[in-house]
Structures are given as structure tokens and as C-alpha cells.
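Enquirer: No sequence on hand, only this structure:
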């Protein structure tokens, strides 16, 4: 984005929901999209792809592709959009400190309009989940357990609410909040994609929940930018509890240790080639973690851009390994 004019950079950031979007007059549709933070949809949509791969039943046919895309829309624009919108709604006080140009604290959008958006995304998401279950029951009558995708969607909605809203507001606790976020971004869309095309087994559930601890590490990266507001409002994020440098070490260790755990499982399962590829993808992540450890606040976005592509490719490699059989 180095050669893009500052105004255009701001517009792009607004559309993606990235911090630093700036203030100024914004049309209502752009404000709504900014609340939904499209940049956060990508890992959930990718999780659906990993789940379809781990099912071992996905084929490149029009019905399967349409079902997978619909599940990606469910996980990303609809339910991740719901999650981000409700999070901004309940975070309006802390955003007034950390990101005062966000749509709600800046006064660019009313609370009533935000509430309406939450309801529309929720109803649309749950409705699409029901339709996907009906399709899966017809496509895989001997494998599919009725209403699994809908159940996963309901779990996601519940986690989104207790993560952001009082009295629980899990995000006030760095460990619980970040793990809930990691599970929502890895385990839930992965399980939804798997259940859409096959039988969701305890092994898949446990392994994706295990992988979610790496997601906990990723979630910590997002806390560095909010540490000032978190301290002032008494939120116990990990950077507040352990300091910036301590939280950075927790972040990289969670990402590395639990990926190595998945690698060990693939080796134990005899998936030697897949384990080798996963190991090769972990190494550059470790290399790029040096920049995060050097200055977590200044390098958080740079680290995410350089390191996380290797993590998400590794997730797909794991999904393919699980779906390969034998």
C-alpha cells in the first residue's frame, strides 16, 4: 500500500475494518461493513476449507462447491460479522479510548442501527445453517447427523455473546477470552466444514480444539494495540497481566508448541509426508516471530502478515492429512 494515496488507504482500511481507518464522512453501508471487519472473515472461511478437506468426502462438483461457499459465507460474513458487530457494540467505551474513530464511538452510526445489524446477521446466519443441514442430510443420508451445522452455529453465537457482553464478558480474562476466540476462529468453522460433508468424529473435535490453542496465541497479537485502554478499564488481557514482552513470549510459545503437538499426532498416525510439510511450514513462523518479540506493538500487523500465511497453510495440510485415510 506504499504507493496508494492516504485517502485511498483510509478507504481500504475502512472497508476491511482495520484499525487506523481514520474519521471523516462515511456512507452507512461502509460503516456497517467496517463494523463487520471483513479482514477477520478470512481465517473462518479458511477453516471451512480445512474441514471439507478433513472430511475426505468433498469433491469438485457444483453442489459441493456451492455448499462449501455457503458455509464460508455462514462462517465469515454472517457469523463473524455478527461477532465483530456485537463486540464493537459492547466495546464502545474502550474503543472511545483506543480507537475513537470507530463507527460507534465516533457517533457515525446510531446504537439502534447497530442493534438492527446484529439481529439481521444473526437471523440470516442461523437460517443459512438450517438450510445447510437440510442439504447435507439429503446429500449424505447415511453419514450426516441432523442439525450439526446449526448446533455449531448456535455454539458460535453463544461464545460471541459471552465473549463480548456482561456479565461474563470473557474478553476481560485474557486466557478464557483468547481461547474462546481461538476456538471460534479455528475449531468451529473447521467442524462445520467437516460436518457438512461427513461425520463429525470426537477425533476431529478434539484435534481442532487442540489447534485452537495456537489460535489463542494469534488472539494475543490483537491485544497489544489495546493495552492502554484495557489497563484503564480494568480488563485482564494477557499484555496487561504479564506485560508486553511477557505476553509476546506466551503468544509465540502457544503458536509453536501446539502446532508441534499436531505434527506429533500426524507422525503417530503414520502421516509422514504431511508431517514433514507441516514441520517445514512451522520453521518460517518461528523465524518471523523475532520481529514480534523485538517490538510487539510496532510489529503486530507486520508479524501477522508475514507469519500467519504459513500457519493457515499448515491447517490445510493437517486437514488433508486427516481426510486422506489409511
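Expert: Here it is on my side, so go on. Just so it is clear, the model here is predicted, and its values are computed rather than measured.
Enquirer: What degree of burial does the closest residue in space to residue 304 that isn't next to it in sequence show, as a neighbour count?
Expert: Nearest non-adjacent residue to residue 304, counting by C-beta to C-beta, 6 or more residues apart in numbering: residue 221, 6.0 Å away. From N, CA and C alone the C-beta is placed, and that goes for glycine too. Other residues near residue 221 come to 24 when the count uses other C-beta atoms under 10 Å.
Enquirer: what's residue 221 in contact with, if anything?
Expert: 251, 292, 296, 300, 303, 304 (C-beta atoms under 8 Å, 6 or more residues apart in numbering).
Enquirer: pLDDT score assigned to residue 95?
Expert: pLDDT, the model's per-residue confidence, is 86 for residue 95.
Enquirer: Check which residues of the one helix or strand it maps to are buried.
Expert: Taking DSSP states H and E as the criterion, the element that holds residue 95 is helix 92-98. Buried residues in helix 92-98, counting neighbours by 16 or more other C-beta atoms under 10 Å, are found at 94, 95, 98.
Enquirer: cool, stretch 113-126 as well?
Expert: Neighbour-count burial for stretch 113-126 flags 114, 117, 118, 121, 122, 124, 125, 126 (criterion: 16+ other C-beta under 10 Å).
Enquirer: List the residues that contact the residue minimising distance to the centre of the chain.
Expert: Computing the C-alpha centroid of the chain and ranking residues by C-alpha atoms, centre = their mean puts residue 185 first, at 3.0 Å. With contacts defined as C-beta under 8 Å, 6+ apart, residue 185 is in contact with 43, 44, 47, 212, 215, 218, 219.
Enquirer: Among those residues, which pair sits farthest apart?
Expert: 47 and 219 (14.4 Å; C-beta to C-beta).
Enquirer: Compare those two and say which is more crowded by neighbours.
Expert: Regarding residue 47 and residue 219, a neighbour count based on other C-beta under 10 Å identifies residue 47 as having more, with 32 against 25.
Enquirer: which stretch of helix or strand covers that one?
Expert: With the criterion set as DSSP H and E, the secondary-structure element containing residue 47 is helix 41-55.
Enquirer: Who are the packing partners of the helix or strand harbouring residue 273?
Expert: Element membership of residue 273 [criterion: DSSP H and E] is helix 272-294. Counting by 3 or more C-beta pairs under 8 Å, 6 or more residues apart in numbering; DSSP states H and E, the packing neighbours recorded for helix 272-294 are helix 238-268, helix 296-323.
Enquirer: Alright, that wraps it up for me.
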